[in-house]
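[1] turn this into a model:
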Amino acid sequence: MSIMNQKGFSIIEITIGLLILTLVLAGFNGIFGLVFDTDHKMEEQKNMARIHDSMRTYLSVNAYVPCPDTDGDGLENRNLSSGVEVCVDREGTLPFNDLGVSEKDAWGNPYYYRVHQRAESSTYVNDSCEPASVLGKAGTRSQADMWLCPDTNIYYCADITASSNCNDVCSSTCTNTTDPRPTTNVTLPPFFHLATPPFGGVSGSLNIIVNDEDGNQKSEGVVATVVSWGANGKEVNRDNCTGGTSDEMENCDDDRVFVDTQTGENRDFVTWVTVNQAKVAIIGTGEFR
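    So this is what the prediction gives:
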């Protein structure tokens, strides 16, 4: 066959070929995008585990949970109020330098960090019968609401806001007492006690609430929580709380209720610290005074 008799591709054939190639590349892009997103989610799950472990380690070493970072330097921020170091704000970014963790999540966005709202108050942050005392760092210790049950010789804390006291968990009449710990070094943490709520029938006041996707509370006595808004974190954050699911909106609306989502394309990632976790971290160190 001569060269003159050979036929080239027609415009229609070339168009069809380009269309097929485009569809194939689009399919690959979709697959790559899915793998990319899955890798980020797996990385973030590991990040959250590291943050949680770092919070527990920080507690064991320092005997308190750090306040939020409010100026972006990766360190907690506190004010001195009536001789007590209180949190500048109940919310901010994660004090990553204090904790020795990454500043940003897998998508390059800063972590949101929220602590117990009473950590802003000198009246509560060093009060052994307040959950916020897990964030107490320095100052005078208060224990006005501590009670002793004579049946068990166990200390309980009254919960004034719930109109309850030690008698709810003790068959005999409780007696108001003083903090059983030694009076030396009372200006040093830990300011919380084994009796700090939640304990017995007392849950404590104004704790952070973490629910699952069905609205069931996952943990009691939460005093600090860390949030990554996931793949759409640049659109969904505490400065621009729009464009996400209702659960994501719950995590950025500035209240104390959070949702730990486990599913969804743009799911949030949440970890937290409770009063009882703080107690466990300190018990092993022998630092309860």
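
[2] could I get the CA-only coordinates of the longest strand seen in the chain as PDB?
    Criterion DSSP state E: the longest strand present in the chain is strand 217-228. Taking Å, rounded to 0.1, in the frame of the first residue of the first chain, the C-alpha atoms of strand 217-228 are listed here in PDB:
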ATOM      1  CA  GLN A 217     -23.400  12.600  75.900                       C
ATOM      2  CA  LYS A 218     -20.100  10.800  75.400                       C
ATOM      3  CA  SER A 219     -18.200  12.000  78.500                       C
ATOM      4  CA  GLU A 220     -18.900  13.700  81.800                       C
ATOM      5  CA  GLY A 221     -16.800  16.400  83.400                       C
ATOM      6  CA  VAL A 222     -15.000  17.700  80.200                       C
ATOM      7  CA  VAL A 223     -12.800  20.700  81.000                       C
ATOM      8  CA  ALA A 224     -10.900  21.100  77.700                       C
ATOM      9  CA  THR A 225     -11.600  20.200  74.100                       C
ATOM     10  CA  VAL A 226      -9.600  20.400  70.900                       C
ATOM     11  CA  VAL A 227     -11.200  20.600  67.500                       C
ATOM     12  CA  SER A 228     -10.100  20.300  63.900                       C
END
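
[3] tell me which residue is most central in this protein.
    The centre of the chain sits closest to Thr225, judged by C-alpha atoms, centre = their mean, with a distance of 1.3 Å.

[4] specify the beta-bridge partners of that one.
    Note on Thr225: beta-bridge partners Arg114, Trp272, judged by DSSP bridges.

[5] which residues touch it?
    Counting by C-beta atoms under 8 Å, 6 or more residues apart in numbering, Thr225 touches Tyr113, Arg114, Val115, Ile208, Val210, Phe258, Val270, Thr271, Trp272, Val273. (Each C-beta comes from the backbone N, C-alpha and C, glycine too.)
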